[in-house]
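[1] 3D model of this:
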Amino acid sequence: MMRLSKLTDYAVVMMVQMGQSPGRVFSAAQIAEETGVPAPTVAKLLKELARGGLMKSIRGVNGGYVIERAPDGISVAEVVEALEGPIALTACVDGADDNCTVESLCGMRGNWNKVNSAIRTALEGVTLADMALQPMTFPAPGELAREERV
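    Residues are numbered from 1 along each chain as shown. Next up, the predicted model:
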């Protein structure tokens, strides 16, 4: 199973929350309170997101963090890359620093880039604004069966 880290999930939650009030300066404590993400985790993620160019740190008494762009201008791919590095299912990706011990013999060499590119494209197509939309709700399987009988 491919799974993003819990930290990346938290980062998306935080950024969606911040995106609801563009231009507002947030303290780490405010973000923790509004999202339920633990304060030490918020502080760590804010630094990473600022380093990745998705947040701006503001110093001073009224300082904190502000989201750099509108939510519809930040893709989920950018958040993932800011926290986890290049989007890839395997270490077999162009430009990877990892050296594979069987790279010279591998028949799949380079082919994983197609898969990695498809995943990256899909994540680039989803913005923080999309993530802020209320999820669609579907009836439970049992409810659907009861509706058909009526």
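
[2] Name the SS class of Lys32, please.
    I think there's a mix-up here, since residue 32 is Ala and not Lys. helix (DSSP: H, G, I helix; E, B strand; the rest coil).

[3] so what's it up against?
    Ala32 is in contact with 38-39, 41-42, counting by Cβ atoms under 8 Å, 6 or more residues apart in numbering. All C-beta spots, glycine's among them, are computed from the backbone N, C-alpha and C.

[4] Mind doing that once more with 7 Å?
    38-39, 42 (Cβ atoms under 7 Å, 6 or more residues apart in numbering).

[5] How about Glu84: what's its closest non-neighbour residue?
    Thr8 (5.9 Å; Cβ to Cβ, 6 or more residues apart in numbering).

[6] How about Gly52?
    Per Cβ to Cβ, 6+ apart, closest to Gly52 is Ala82, 2.8 Å.

[7] count of neighbours near Ser27?
    Residues near Ser27, counting by other Cβ atoms under 10 Å, number 16.

[8] And for Ile31?
    25.

[9] My read is that it contacts Val42, right?
    Yes. At 4.9 Å, Ile31 and Val42 qualify as touching, with contact defined as Cβ atoms under 7 Å.

[10] between the two, what contacts are shared?
    Joint contacts of Ile31 and Val42 (Cβ under 7 Å, 6+ apart) are Met14.

[11] ok so, going back, what residues are up against the residue nearest to Glu84?
    So Thr8 contacts 79-80, 83-84 (Cβ under 7 Å, 6+ apart).

[12] can I assume Lys57 sits in a strand?
    Quick fix: residue 57 reads Ser, not Lys. Yes. Ser57 sits within a strand when classified using three-state DSSP.

[13] Identify the residues contacting the residue nearest to it when sequence neighbours are not counted.
    In space, Ser57 comes closest to Ala50 once its chain neighbours are excluded; the distance is 4.9 Å by Cβ to Cβ, 6+ apart. For Ala50, the contact set (Cβ under 7 Å, 6+ apart) comprises 56-57, 65.

[14] how many neighbours does Met15 have?
    For Met15, the neighbour count with other Cβ under 10 Å is 26.
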